[in-house]
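Engineer: Fold the stuff below for me.
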Amino acid sequence: MELEEAKQKFIQAWGTFGSNWGINRTMAQVHALLLISSEPLCADDIMATLKISRGNANMNIRALIDWGLVYKELKPGERREYFIGEKDMWKVVRQIIVHRKKKELEPVLKILEELKDIEGKEEENEEFVKVIKDIQLFSEKADRVLDKFIRSDSSWLMNAFLKMI
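Structural biologist: Reported below is the predicted structural model:
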């Protein structure tokens, strides 16, 4: 397989993985392109390689910057903005977890806290409250594990992983 063919295959696969992880395919493809690029790319380079519109490129680049997965780089004498992808996979995974936790887990915890105190028939309340508490306990444990993961370094994760094996 030639390098260009391998790059295209990786970009397409990363786009598919991204949609499975809850981000749109094009955002994941932009990230993949910047991840494997040896040099910073401008929006025009991204548009041409991925065959996407300027608006689509700009929107996804900004989202990736917000996620902390892409950084802006200015080149002396150039008016265009260039972008580089975070290459440290530990940081990439950590940033994705931080963003997903904020977007998905924290709102669930807030709603579960509100649902604990309900009014109505005692028998019905007990079962409902029990289910909510079980979900809340699991969610809080997941939140603590993710917090520990976010604060840890890569050696801690490898040690924990090796202990599980």
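Engineer: For residue 27, see how far away the residue nearest the centre of the chain is.
Structural biologist: Nearest to the mean C-alpha position of the chain, by CA atoms, centre = their mean, lies residue 96 at 2.7 Å. Distance from residue 96 to residue 27, counting by CB to CB, to the nearest Å: 11 Å. All C-beta spots, glycine's among them, are computed from the backbone N, C-alpha and C.
Engineer: How many residues are close by residue 104?
Structural biologist: 10 (other CB atoms under 10 Å).
Engineer: now swap in residue 24 and tell me
Structural biologist: Residue 24 has 15 neighbours, counted by other CB under 10 Å.
Engineer: With adjacent residues omitted, what lies nearest to it?
Structural biologist: Nearest non-adjacent residue to residue 24, counting by CB to CB, 6 or more residues apart in numbering: residue 18, 7.1 Å away.
Engineer: Around that neighbour, how many other residues sit close by?
Structural biologist: When neighbours are counted by other CB under 10 Å, residue 18 registers 20.
Engineer: How about the contacts made by it?
Structural biologist: By CB atoms under 8 Å, 6 or more residues apart in numbering, the contact set of residue 18 is 24, 25, 27, 28, 29, 31.
Engineer: and residue 131, how many neighbours?
Structural biologist: Other residues lying near residue 131 total 11 when counted by other CB under 10 Å.
Engineer: How about residue 26?
Structural biologist: For residue 26, the neighbour count with other CB under 10 Å is 19.
Engineer: and it, helix, strand or coil?
Structural biologist: Following DSSP: H, G, I helix; E, B strand; the rest coil, we place residue 26 in the helix state.
Engineer: Next, find the distance separating the closest residue to it other than its chain neighbours from residue 6.
Structural biologist: Nearest non-adjacent residue to residue 26, counting by CB to CB, 6+ apart: residue 60, 5.5 Å away. Taking CB to CB as the measure, residue 60 falls 22 Å from residue 6.
Engineer: Neighbours of the closest residue to residue 16 other than its chain neighbours, how many?
Structural biologist: Nearest residue to residue 16, sequence neighbours excluded (CB to CB, 6+ apart): residue 25, at 7.0 Å. By other CB under 10 Å, 16 other residues sit near residue 25.
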